[in-house]
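A.B. asks: Need coordinates for the below:
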Amino acid sequence: MEKQGRLVVEKVGGKSTVTRCFSKYPLKFIIPRKVGSSKADVVWVYSLTYGGGIVTGDSISCEFTIGDGCTAVITTQASTKVYKSLGGKCSEQVMEARVGSNALLAVIPDPVTCFSTARYSQKQVFRVASDSSLVIVDWITSGRHESGEKWDFDFYKSANHIFIGDEEPLFLDMVHLQSGSISSIAERMQDYQVIAMVLLLGPKIKHIQDLVQENVKRMMAEKLHIPSTASGCQKKMNADYRFTKPSFIASSSVFGPKGVGVVVRIAATTTESVYKFLQHQLAGMEPLLGVSPYH
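C.D. replies: Residues are numbered from 1 along each chain as shown. I've put the predicted structure just below:
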């Protein structure tokens with residue numbers, strides 16, 4: 001696949017610097033000189049598509065190289081809109097990233113929002129060193145609520161693959177949502193309007209991994225807690241609680257040798273609640289990134 005974008009970050013004079021940047025229609029990179037007031041050594045890259053979204057037949061491929069010891073953020077200015085599919089065609093985005101030794105890459109976009117009948121596939125492949133650090137946020141909303149669209153698209157697939165070096169798989173994950181003949185996506189998702197994955201890997205963010213795991217455990221213990229009462233009331237209490245679905249569900253698990261990575265999966269009834277979760281849980285990255293993610 002021909003690349004629409006290439007970007008290289010290397011150390012120049014001891015600072016993380018974009019040394020190569022190429023993009024062509026429909027892709028565009030914006031690289032602000034400074035993000036935030038801190039003296040963090042970091043490059044922020046805003047990845048945009050002309051027209052603010054992905055149209056039928058778009059096939060976008062880009063490649064990022066983050067050199068040894070560098071820090072880079074790849075983000076968006078707004079949610080990625082995937083417009084209606086014409087003639088059943090699928091749109092796709094492929095991103096490949098190489099993260100050097102002692103480097104940190106944070107991929108923290110706004111969510112994907114698929115319009116009615118949209119068909120969309122994305123794949124992100126990361127090749128890391130054993131001491132690379134990586135943050136990935138990958139999330140999708142149910143669609144345009146103001147237009148009454150909820151899980152109204154036809155097809156969505158998102159794959160995230162992480163390899164140590166070129167060959168050794170560390171994390172292989174795929175989310176696949178497809179409208180079926182037996183049940184629609186909306187029926188399967190019930191009241192939940194957002195699903196998200198947050199992945200944290202590597203030594204630079206070990207303290208955040210530990211914190212997030214603790215926070216998720218505590219949050220879910222509170223949300224799923226059934227009060228213990230006198231035995232006479234127990235049956236009634238259980239019956240009341242059984243049908244109360246939590247508005248925000250999260251789970252966390254470790255992966256890789258010696259639990260080097262943590263993955264959090266989320267289902268929520270509002271986009272705002274996921275933004276708040278991300279703001280809160282990733283706030284500790286501010287010294288590394290110059291500003292807190294999702295500020």
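A.B. asks: how about the helices of the stretch 51-200 of the chain, start to end?
C.D. replies: Assignment of helices within the stretch 51-200 of the chain using DSSP state H, counting those that start in this stretch yields the ranges 185-189.
A.B. asks: where does it have low pLDDT?
C.D. replies: Across the stretch 51-200 of the chain, nothing is flagged by pLDDT under 70.
A.B. asks: out of everything not next to it in sequence, what's closest to residue 32?
C.D. replies: Excluding its sequence neighbours, the residue lying closest to residue 32 (CB to CB, 6 or more residues apart in numbering) is residue 44, at 5.8 Å. From N, CA and C alone the C-beta is placed, and that goes for glycine too.
A.B. asks: Quick one: mean pLDDT over the helix or strand hosting residue 9.
C.D. replies: Using DSSP states H and E, residue 9 falls within strand 5-12. With pLDDT averaged residue by residue, strand 5-12 scores 98.
A.B. asks: Name every strand pairing with the following helix or strand past it and say which way it goes.
C.D. replies: Downstream of strand 5-12, the first helix or strand assigned by DSSP H and E is strand 15-23. Neighbouring strands of strand 15-23 in its sheet, by DSSP bridges, are strand 5-12 (antiparallel).
A.B. asks: Buried residues, the strand it pairs with. List them.
C.D. replies: Neighbour-count burial for strand 5-12, with 16 or more other CB atoms under 10 Å as criterion, is recorded at 5-11.
A.B. asks: need these in TSV with distance to residue 250, can you?
C.D. replies: Rendered in TSV, the data for the buried residues of strand 5-12 read as follows (distance: CB to CB, whole Å):
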residue	distance to residue 250
5	32
6	35
7	32
8	35
9	31
10	36
11	36
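A.B. asks: from those residues, which is closest to residue 91?
C.D. replies: Ranking the buried residues of strand 5-12 by separation from residue 91, with CB to CB as the measure, puts residue 5 on top at 15.8 Å.
A.B. asks: ok, how many other residues are close to the nearest residue to the closest one once chain neighbours are set aside?
C.D. replies: Once its chain neighbours are removed from consideration, residue 5 has its nearest residue in residue 62; the separation is 3.4 Å (CB to CB, 6+ apart). Using other CB atoms under 10 Å as the criterion, residue 62 is surrounded by 20 other residues.
A.B. asks: Spit out the contact partners of residue 62.
C.D. replies: Residue 62 makes contacts with 3-7, 23, 27, 47, 94-96, as judged by CB atoms under 8 Å, 6 or more residues apart in numbering.
A.B. asks: which among these end up buried?
C.D. replies: Going by neighbour count (16+ other CB under 10 Å), these have 4-7, 23, 27, 47, 94-96 buried.
A.B. asks: Any chance of CSV for these, columns distance to residue 175?
C.D. replies: Listed next are those as CSV, based on distance: CB to CB, whole Å:
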residue, distance to residue 175
4, 24
5, 23
6, 27
7, 26
23, 27
27, 23
47, 20
94, 16
95, 16
96, 19
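A.B. asks: Looking at the residues you listed, which is nearest residue 66?
C.D. replies: Proximity of the buried ones among the contacts of residue 62 to residue 66 was ranked by CB to CB; the top entry is residue 7 with 9.1 Å.
A.B. asks: Okay, and the beta partners of the closest one?
C.D. replies: Beta-bridge partners for residue 7, by DSSP bridges, are residue 21, residue 64.
A.B. asks: Pull the contacting residues for it.
C.D. replies: Residue 7 sits in contact with 18, 20-23, 29, 45, 62-65, where contact means CB under 8 Å, 6+ apart.
A.B. asks: how far does stretch 2-20 stretch from start to finish?
C.D. replies: The first residue of stretch 2-20 is 17 Å away from its last residue (CA to CA, to the nearest Å).
A.B. asks: before we move on, what about stretch 134-151?
C.D. replies: Between the opening and closing residues of stretch 134-151 we find a distance of 30 Å, counting by CA to CA.
A.B. asks: give me the element the residue nearest to residue 32 is part of.
C.D. replies: strand 43-49.
A.B. asks: Show me which helix runs longest in this protein.
C.D. replies: The longest helix of the chain (DSSP state H) is helix 206-223.
A.B. asks: Average pLDDT for that helix, rounded please.
C.D. replies: Taken as a whole, helix 206-223 has an average pLDDT of 94.
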